[in-house]
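Student: Sequence and computational prediction follow.
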Amino acid sequence: MAKLKPVPTPAAPAEPPPVAKKKSKRLLLIGIVVLVLAAGGGGAWFFLRGHEATEAKPVEKKAPVFVTLEPFTVNLLQESGDHYLQVGVVYQVDGDKTVDTMKSYMPIIRNRVLLLLSVKHPSDLAQVDGKEKLVSELVRVAREALPSGATPERGIDGAFLSAFVIQ
């Protein structure tokens with residue numbers, strides 16, 4: 001008898017390639033790209049829109065507050081004869097609280113201003129730069145007369161000359 005050779009059975013078909021996995025990876029990648037683009041565009045819109053809104057708001061500036069001192073008349077240091085200075089000083093301050101503080105310390109402020117003015121020569125005050133230096137010194141002596149506050153300025157923003165006569 002002849003031996004029968006076993007006939008190989010056809011192999012079971014191999015599993016189809018994972019098409020679903022490739023598609024899901026592709027969809028995931030597309031989803032991430034769309035999400036990043038949407039977030040970037042939305043963020044840009046938010047920041048640009050917010051920037052426009054802050055620029056559109058009008059800034060309300062407070063009206064300046066002034067403290068006027070009574071005019072000063074002082075003898076200046078002699079250069080060529082007697083000279084007198086009559087000057088009016090107006091201080092610009094940051095608010096009513098500083099006005100009240102200055103009123104309380106007015107005798108000290110006036111004293112310091114008189115001492116400052118009485119050591120000047122007429123030639124020191126004849127030119128514009130001499131007057132500008134005097135204004136900065138007037139601010140300094142007024143600030144020094146007030147008690148120390150939260151800032152070195154102590155509420156005094158500046159000084160102005162309202163009258164200025166040298167005889």
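Tutor: Great, that's in hand.

Student: need the contact list for Ser148.
Tutor: Contact partners of Ser148, counting by C-beta atoms under 8 Å, 6 or more residues apart in numbering, are Arg154. (C-beta placed from N, C-alpha, C; glycine too.)

Student: Is the residue most central in space within the chain part of a helix or strand, or is it coil?
Tutor: Geometric centre of the chain, nearest residue: Val59, 13.1 Å, by C-alpha atoms, centre = their mean. Following DSSP: H, G, I helix; E, B strand; the rest coil, we place Val59 in the coil state.

Student: Can you read off the pLDDT for it?
Tutor: If you check Val59, the pLDDT there is 72.

Student: Helices along this protein, start to end?
Tutor: With helices called from DSSP state H, the chain shows them at 19-56, 96-104, 106-118, 122-126, 128-145.

Student: quick one, phi psi at Arg154?
Tutor: phi 50, psi 30 (degrees, to the nearest 10).

Student: what's the closest non-adjacent residue to it?
Tutor: Spatial nearest neighbour of Arg154, chain neighbours left out: Leu146 (4.5 Å); criterion: C-beta to C-beta, 6 or more residues apart in numbering.

Student: show me the contacts for the one you found.
Tutor: Thr98, Thr101, Met102, Tyr105, Ile109, Arg154, Gly155, Ile156.

Student: Now that we have these, which of them are buried?
Tutor: Thr98, Thr101, Met102, Ile109, Arg154, Gly155, Ile156 (16 or more other C-beta atoms under 10 Å).

Student: so which of these comes closest to Phe47?
Tutor: Gly155 (37.7 Å; C-beta to C-beta).

Student: That closest one contacts Asp94, correct?
Tutor: Yes. Using C-beta atoms under 8 Å, Gly155 is in contact with Asp94, at 4.7 Å.

Student: care to break the chain down by domain?
Tutor: 23-59, 65-166 (automatic domain parsing).

Student: Tell me which of the ones you listed sits most buried.
Tutor: Counting by mean count of other C-beta atoms under 10 Å, domain 65-166 has the highest mean neighbour count of the domains of the chain, with a mean of 15.

Student: how distant is it from the center of its chain?
Tutor: Relative to the mean C-alpha coordinate of its chain, domain 65-166 is positioned 27 Å out (C-alpha atoms, centre = their mean, to the nearest Å).
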